[in-house]
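> just a sequence and a predicted model for now, questions to come.
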Amino acid sequence: MATEGIEAVHLTTHNWGRAAKFFQSLGYELEFSTDHNSGQLRNGDGPYVFIAEVPEDQEPQTQIVLKVADADAFRPDPAVEVVTPFENTHYGTKEMTVRDPDGRLWSLQAPAQN
């Protein structure tokens, strides 16, 4: 089983409100926000953007998230270095981290199975 394209882009920022307004000005609509300066926006059927505010002493980061239909059925090729296997998240998905040949970390996301 292979990945199914880009699921999301996760961003961290020093100012949640300003970042959300930027994406809204590009046509993204706010799907939800949290009470801890984060939220999710989407533009049409494409990948969603999840933005979370971090303290000023942390460098803002961008993480591309690849979609996996079924975490239990997914078997990465031996050429793929698995950094962390699929684990349940607090927001209802399972995530795996892999490293590409240049050292970049990639997140793979699958729906949580009940």
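Cool, got the structure. Residues are numbered from 1 along each chain as shown.
> so residue 68 makes contact with residue 107?
No. Using C-beta atoms under 8 Å, residue 68 is not in contact with residue 107, being 10.2 Å away. All C-beta atoms are positioned from the backbone trio N, CA, C, and that covers glycine.
> between the two, which has more neighbouring residues?
Neighbour tally, residue 68 and residue 107, criterion other C-beta atoms under 10 Å: the higher count belongs to residue 68, 23 against 18.
> give me the pLDDT for the more buried one.
pLDDT, residue 68: 95.
> count of residues packed around the closest residue to residue 72 other than its chain neighbours?
Nearest non-adjacent residue to residue 72, counting by C-beta to C-beta, 6 or more residues apart in numbering: residue 113, 6.5 Å away. Residues lying near residue 113 (other C-beta under 10 Å) number 9.
> same question for residue 21.
Number of residues near residue 21 (other C-beta under 10 Å) recorded here: 12.
> that one and residue 100: what is the separation?
32 Å (C-beta to C-beta, to the nearest Å).
> picking up where we left off before, which residues do residue 68 and residue 107 both contact?
Here residue 68 and residue 107 have residue 96 as joint contacts, going by C-beta atoms under 8 Å, 6 or more residues apart in numbering.
> correct me, but the residue nearest to residue 72 touches residue 73?
No. Counting by C-beta under 8 Å, residue 73 is not a contact partner of residue 113; they are 10.1 Å apart.
> which ones are touching residue 40?
Counting by C-beta under 8 Å, 6+ apart, residue 40 makes contact with 30-33, 48-51.
> who wins for most neighbours among those?
Neighbour counts for these (other C-beta under 10 Å) peak at residue 51, which has 25 neighbours.
> does that residue count as helix, strand or coil?
strand (DSSP: H, G, I helix; E, B strand; the rest coil).
> mind listing what it touches?
With contact taken as C-beta under 8 Å, 6+ apart, residue 51 is in contact with 10-13, 16, 19-20, 23, 38-41.
> ok, what's across the strand from it?
Listed beta-bridge partners, residue 51: residue 11, residue 39 (assigned using DSSP bridges).
> what's the spacing between it and residue 34?
Residue 51 is 10 Å from residue 34, where distance means C-beta to C-beta.
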